[in-house]
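>>> Whatever this is, show me its structure:
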Amino acid sequence: MPRPNRCTGSKPRRYPVATWVVPKSERAKLRVLVEMLAVAIRFSSATRSTTMIRAALIILIATSLLLPMPGCQSWNPLPSADDSPDKAGASSDKTSGSQAAKACIVTAQELHQEGHYVEAAKLLEKARSEQPNGYDYARHLAVLYDELGMTNEAENEFRTALANHPKDADLQNDFGYYCFRIGDDARAEQQFRKALELNPKHQHAQTNLARTLFRQNRLEEAHAAFVQAVGPAIAHQNMGVLLAQAGRDDQARMAFEDALQLDPNLDTSREFLAGLDHLPQLAAQQRSQPQRNLSR
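As a prediction, the model looks like this:
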């Protein structure tokens, strides 16, 4: 089964992983999200459970971070090995090997999109052994190995790919994202800044840089990076989402209020505020009726 979107890790880890969505799709998706949150709030009020409200907020986080792209990596399935007709005079063995490699590459791309990372990696390894040229194996395998948690293999492939394409902003961003995933914030920041030097309008890199700075508690810098990526109002909202995800509810509330001052139409900020407002009420109810919370 495909793994959740890899953009950000939730806290605590049992919650879904956050997904970045296109701002223009916000209203369409919010109708469903608000209904989910409302049901959770009603159920939580009946059971005096703040855990359900927190979980509902995390679900909202996981589906409504308003960033302008569907993921934080830049990688997309690359064209398969050379699709041009075989040159005249090529041996039948070479043609056969080329066709077999192409078949492996195409199948690996499909398996990758379906979340079958082990099988995809094995096919690419086989294709590379049969036809080393004609496809960017290192770049594709780096992403797959990263998905599989094979950090040494992933880093080796990333370095090979970067040696071949040192001025590729997408690749610099993807290596930075790998560093972010393994918790190496210093290298991640360096790679995202390299990507932005190569392409100052690279929104994936700008967004990833903001998240990396946030994780280092460099909040002003993180906010400034979000402003560059999505503008001031949604920058406040994104900060609010990340703060709420980290359990920093008071700061999150301030960020959402700032977002609404700049743009009163940001429904996500309004719904987050409504959810955050229920947390202290339910906590007070729990404290006043401790017997209800005892395990039996």
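>>> switch to C-alpha atoms for all contacts and neighbour counts from now on
Noted.
>>> so I105 touches K126, yeah?
No. With contacts defined as C-alpha atoms under 8 Å, I105 does not count as touching K126, sitting 9.2 Å away.
>>> so after the strand or helix carrying H223, what's the next helix or strand?
If you go by DSSP states H and E, H223 is part of helix 219-230. Later in the chain than helix 219-230, the nearest helix or strand by DSSP H and E is helix 232-245.
>>> Show me what that next one is packed against.
helix 50-64, strand 65-66, helix 219-230, helix 249-262 (3 or more C-alpha pairs under 8 Å, 6 or more residues apart in numbering; DSSP states H and E).
>>> The ones you listed: lowest mean pLDDT?
Lowest mean pLDDT of these: strand 65-66, a mean of 46.
>>> Flag every buried residue along the next helix or strand after that strand.
Downstream of strand 65-66, the next assigned helix or strand under DSSP H and E is helix 92-113. Within helix 92-113, the residues that qualify as buried by neighbour count (16 or more other C-alpha atoms under 10 Å) are 98-99, 101-109, 111-112.
>>> Turn those into a markdown table, columns for distance to A186 and pLDDT.
Below are the buried residues of helix 92-113 laid out as a markdown table (distance: C-alpha to C-alpha, whole Å; pLDDT from 0 to 100):
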| residue | distance to A186 | pLDDT |
| --- | --- | --- |
| S98 | 41 | 83 |
| Q99 | 43 | 87 |
| A101 | 38 | 88 |
| K102 | 38 | 90 |
| A103 | 39 | 91 |
| C104 | 37 | 93 |
| I105 | 34 | 94 |
| V106 | 36 | 93 |
| T107 | 36 | 94 |
| A108 | 32 | 94 |
| Q109 | 31 | 93 |
| L111 | 33 | 94 |
| H112 | 29 | 94 |
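>>> Show me which pair in these is furthest apart.
Maximum pairwise distance in those, criterion C-alpha to C-alpha, is 20.9 Å, between S98 and H112.
>>> Report the buried residues of the helix holding H223.
Buried residues in helix 219-230, counted by 16+ other C-alpha under 10 Å: 219, 221-230.
>>> In TSV: those residues, plus distance to A138.
Listed next are these as TSV, based on distance: C-alpha to C-alpha, whole Å:
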residue	distance to A138
L219	35
E221	33
A222	31
H223	34
A224	34
A225	30
F226	31
V227	34
Q228	31
A229	29
V230	32
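>>> Going by distance to R270, which of those residues wins?
Nearest to R270 among these: V230, at 18.4 Å, using C-alpha to C-alpha.
>>> mind checking how far the closest one is from A255?
Distance, V230 to A255, using C-alpha to C-alpha, to the nearest Å: 15 Å.
>>> The helix or strand encompassing T207 - contacts with which helices or strands?
Here T207 sits within helix 203-215, counting by DSSP H and E. Contact here means 3+ C-alpha pairs under 8 Å, 6+ apart; on that basis helix 203-215 packs against helix 169-181, helix 185-198, helix 219-230.
>>> same thing but 7 Å
Using 3 or more C-alpha pairs under 7 Å, 6 or more residues apart in numbering; DSSP states H and E, the elements in contact with helix 203-215 are helix 185-198, helix 219-230.
>>> out of the ones you listed, nearest to P166?
By C-alpha to C-alpha (comparing all of the helices and strands packed on helix 203-215), the closest turns out to be helix 185-198, at 9.8 Å.
>>> Can you give the contact residues for the closest one?
Here helix 185-198 makes contact (C-alpha atoms under 7 Å, 6 or more residues apart in numbering) with 167, 169-170, 172-173, 175-177, 179-180, 202, 205, 209, 212.
>>> For the protein, which helix or strand comes out least confident on mean pLDDT?
One helix or strand of the chain scores below all others by mean pLDDT, DSSP states H and E: strand 20-21, with a mean of 32.
>>> so H112 touches A120, yeah?
Yes. Applying C-alpha atoms under 7 Å, one finds H112 in contact with A120, separated by 5.7 Å.
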